[in-house]
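Trainee: this one's structure only:
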Ligand code: NAP
């Protein structure tokens with residue numbers, strides 16, 4: 001008996017340390033300077049949480065746990081090695097696995113306890129499996145769309161929102177009936193099945209463009225369902241970790257929606273991808289001015305202040321190390337070089353910060369949009385590298401533009417604008433960018449990595 005109490009005590013202490021590490025991890029991850037420490041703290045917290053759980057007195061046989069650990073590791077290692085640009089769909093897959101696990105545990109707990117399930121317990125159990133079920137299939141749909149296994153465009157039909165509301169409403173009614181009388185075991189599978197179908201129908205009408213926001217929303221649902229599981233399993237650690245996951249996912253979704261000037265309801269019910277297609281078709285031939293690497297290097301070396309604006313193209317081209325060499329070459333010549341970071345540049349939150357940090361660009365050179373926008377009129381050259389939508393002035397002026405109202409980097413206010421991209425293709429939102437046709441804009445056509453490499457060579461820099 002004392003052994004048992006002692007064991008319990010050790011587990012509680014381990015869980016407390018793990019919870020503290022999860023909280024610190026989130027805090028540290030909010031700044032590029034401490035992000036690595038944040039990741040480490042999260043990893044150690046998770047190892048402690050798993051270790052503490054394995055000490056649990058209720059475990060009588062470790063065989064299946066060992067098999068599950070090996071299987072999880074075999075699946076997890078390749079998942080952790082995907083390209084940075086595939087991280088959103090990888091994250092969606094992780095949510096799908098987590099949500100499936102929560103749904104299965106909730107189902108097992110229901111059948112173990114029914115019909116003796118207290119009302120509060122039945123309420124959280126229902127919430128757990130409804131959120132878990134819809135997050136499981138919703139996340140699979142989101143991953144499929146981002147990986148282009150499923151069509152990226154919104155799949156819509158008449159009365160879609162009505163059907164969705166009826167489905168969700170039915171699942172909630174079944175939950176209420178079960179809370180009232182948990183003996184109605186036959187209702188439980190229907191409730192789970194409806195949640196699973198609802199997850200598919202919720203995500204298929206949303207365009208690929210909105211998937212990262214949807215994924216962070218699903219992240220919030222997965223967190224909430226895990227917190228509900230914490231109540232069912234009486235695990236304070238799960239409640240804390242689930243609440244942290246749920247609230248951070250929700251905050252991230254709000255930040256992303258704001259940065260794209262979209263409301264939640266517009267993301268969830270707006271079928272944004274359809275608008276994009278129309279915008280892309282409306283392009284007409286206009287003239288642009290282009291320049292060679294030699295000409296661009298001459299202008300850059302004569303500048304006092306240069307602001308580099310990275311975007312998705314820099315990520316695809318993996319040009320961040322060449323960009324670092326350019327930063328070094330220009331700084332050596334006394335040019336003040338800073339980086340303008342748009343909150344949704346690239347394809348996932350923090351995408352540009354991660355890449356530039358990987359190339360060891362000093363953190364204090366990375367300036368957020370709201371802090372740098374006022375400086376563009378005093379900037380000699382704004383060098384846009386593979387960014388498009390986040391620099392599109394139509395967002396400020398053209399009320400008919402699908403991105404109207406989205407906050408952008410005001411690069412068009414710089415004295416000279418240079419844009420490195422391969423051709424005149426539109427970006428993520430599928431619309432033309434009037435920035436390219438301004439008198440002060442020079443197009444530098446080419447792959448970001450190759451072109452920046454040429455600029456570095458012209459400036460006499462580079463690391464061999
Ligand atoms: P973007 O608008 O998608 O434009 C990227 C540009 O990069 C394209 O115009 C493309 O033009 C160019 N490019 C592609 N490959 C290249 C290469 N190898 N070398 C040089 N250029 C290349 O990117 P963004 O300005 O970063 O904007 C991000 C968009 O994603 C926004 O619309 C945002 O709302 C959306 N979004 C972001 C997030 C997030 O969390 N970050 C989430 C959801 C949605 P060419 O093909 O002509 O080269």
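Mentor: Structure received. Small disclaimer: the values here were computed from a predicted structure and weren't measured.
Trainee: which residue packs closest to residue 411, ignoring adjacent ones?
Mentor: Nearest residue to residue 411 in three dimensions, chain neighbours excluded: residue 382, at 4.0 Å (C-beta to C-beta, 6 or more residues apart in numbering). Every C-beta, even on glycine, is put in place using the N, C-alpha and C of the backbone.
Trainee: Burial check on residue 337, number of neighbours?
Mentor: Here the number of neighbours of residue 337 (other C-beta atoms under 10 Å) works out to 22.
Trainee: Can you verify it is assigned to a strand?
Mentor: Yes. Assessed by DSSP: H, G, I helix; E, B strand; the rest coil, residue 337 belongs to a strand.
Trainee: Do the helix or strand where the residue nearest to residue 411 lies and the ligand come into contact?
Mentor: Using DSSP states H and E, residue 382 falls within strand 381-385. No. Figure legend: strand 381-385 not in contact with the ligand (C-beta under 6 Å from any ligand atom); closest approach 7.2 Å.
Trainee: Report the distance from that strand to the chain centre.
Mentor: Strand 381-385 sits 25 Å away from the centroid of its parent chain (C-alpha atoms, centre = their mean, to the nearest Å).
Trainee: Could you identify the helix or strand that succeeds that strand?
Mentor: Using DSSP H and E, the helix or strand that follows strand 381-385 in sequence is helix 394-397.
Trainee: Show me what counts as buried in that following helix.
Mentor: 394-395 (16 or more other C-beta atoms under 10 Å).
Trainee: Name the residue of the stretch 1-150 of the chain with the shortest distance to the ligand.
Mentor: Residue nearest to the ligand within the stretch 1-150 of the chain (C-beta to the nearest ligand atom): residue 88, separated by 7.6 Å.
Trainee: let me redo that: the chain
Mentor: Nearest residue of the chain to the ligand (C-beta to the nearest ligand atom) works out as residue 427 at 2.0 Å.
Trainee: ok, that residue - contacts?
Mentor: 311-312, 387-389, 392, 433 (C-beta atoms under 8 Å, 6 or more residues apart in numbering).
Trainee: Can you lay out those as TSV showing pLDDT and distance to residue 366?
Mentor: Shown next, in TSV, are those (pLDDT from 0 to 100; distance: C-beta to C-beta, whole Å):
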residue	pLDDT	distance to residue 366
311	97	14
312	94	17
387	97	14
388	96	20
389	93	19
392	96	21
433	96	23
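Trainee: so which of those are also by the ligand?
Mentor: 311-312, 387-389.
Trainee: Just checking stretch 211-228 against the ligand, any contact.
Mentor: Yes. Using C-beta under 6 Å from any ligand atom, stretch 211-228 reaches the ligand at 212-213.
Trainee: How many residues are close by residue 24?
Mentor: 16.
Trainee: What mean pLDDT does stretch 355-364 get?
Mentor: The pLDDT scores in stretch 355-364 average 91.
Trainee: And that stretch, what's buried?
Mentor: For stretch 355-364, a neighbour-count test (16+ other C-beta under 10 Å) marks 355-357, 361 as buried.
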